[in-house]
Structure formats: C-alpha cells, structure tokens
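[1] quick one, structure for this:
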Amino acid sequence: NCNAKHYLKQGAENGSLFHVLSGLASVAAVTRSPQLAQELRVLIRRSKAAGAIDVTADNLFRIGMIAAASHPELDEWCGYVGEWTTELAYWDLSRDETTRLHSHVRCLCSIVPELWTTLGRAEAALAAASG
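    You can find the predicted model right below:
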C-alpha cells in the first residue's frame, strides 16, 4: 500500500521509536545501503511533520551518524552527514538542543575537516540560533 510508505506510529512504550529508528540506521550501515539511509531521513522528516516523533535532536543526530556509515566513500559520507545535520539545524529546537548540536558539528569538523564544506550551513544556523 503506497499510502503506508514513510509512516510510523509512536508506540506506547517510551523511547521505542528511538530504538526502531536506530535499528533501521544500523541495518542501513551494516548492509551499506545508502537507499535505506535516505528512506530513513524521509521517514523521520514525515513523522516530524505529522507530529508523530518525540525523539530528541541529540538522538536524531546519533541515528543520522549511524545511517551515514552506509556510505563507504568519504565524499558521500560527508554529503549525507551534511544534509542530515543541516536539516536538523533548521528544526524548531530548544536552546539546549541547539547548543549541543552546534557542539557536535564543531567537534566533527575538527576531526574531519572535509565536513566543513557540507556542514557550513548547519554550523552557521546553529551559531546564530545559539547566540
């Protein structure tokens, strides 16, 4: 059924959605499936738009980093990390979430300088939002 694609319903158990999403990210990483990693991004975006997601930005960042491992080449990995994090940076985040995500971005860029090209927009948005 095409109508069911990219739809998740939050389970009754607190935190179960995080486990489902991180499980999907792990499958994408282990199987080296960039397509599954991309579908995961779409699923999270649509779930967020529908108000059906209660996973913290910190945990969504972790999920994205796990899913990014589906990209074996550095430039593809950097692209996915950049797209994922930039999308998160423009969500309506609390000040604390913004500060933590900004810290993650700066730390990652210091470890992998190639990320500056794909994380520049996210870093600027987070810097402006965190003041």
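
[2] residues near residue 115, how many?
    22 (other Cβ atoms under 10 Å). Where C-beta positions appear, they are placed from N, C-alpha and C, glycine not excepted.

[3] skipping adjacent residues, who's closest to it in space?
    The shortest distance from residue 115 to any non-neighbouring residue, by Cβ to Cβ, 6 or more residues apart in numbering, is to residue 109 (4.9 Å).

[4] any idea how far residue 83 is from residue 95?
    24 Å (Cβ to Cβ, to the nearest Å).

[5] tell me which of the two has more neighbours.
    For residue 83 versus residue 95, the count of surrounding residues by other Cβ under 10 Å is larger for residue 83: 18 against 10.

[6] how about the nearest residue to the spatially most central residue of the chain, chain neighbours excluded?
    Among the residues of the chain, the one closest to the centroid is residue 64, at 3.6 Å (Cα atoms, centre = their mean). In space, and not counting its chain neighbours, residue 64 is closest to residue 84: 3.7 Å by Cβ to Cβ, 6+ apart.

[7] would you mind confirming that residue 95 makes contact with residue 130?
    Yes. Shown here, residue 95 and residue 130 form a contact pair, counting by Cβ atoms under 8 Å, at 6.8 Å.

[8] for the residue nearest to residue 115, what are its contacts?
    Contacts for residue 109 (Cβ atoms under 8 Å, 6 or more residues apart in numbering) come out as 115-116, 119, 123.

[9] and the strands in the chain?
    Taking DSSP state E, the chain contains no strands at all.

[10] show me where pLDDT drops low in it?
    For the chain, the stretches with pLDDT under 70 are 1-15.
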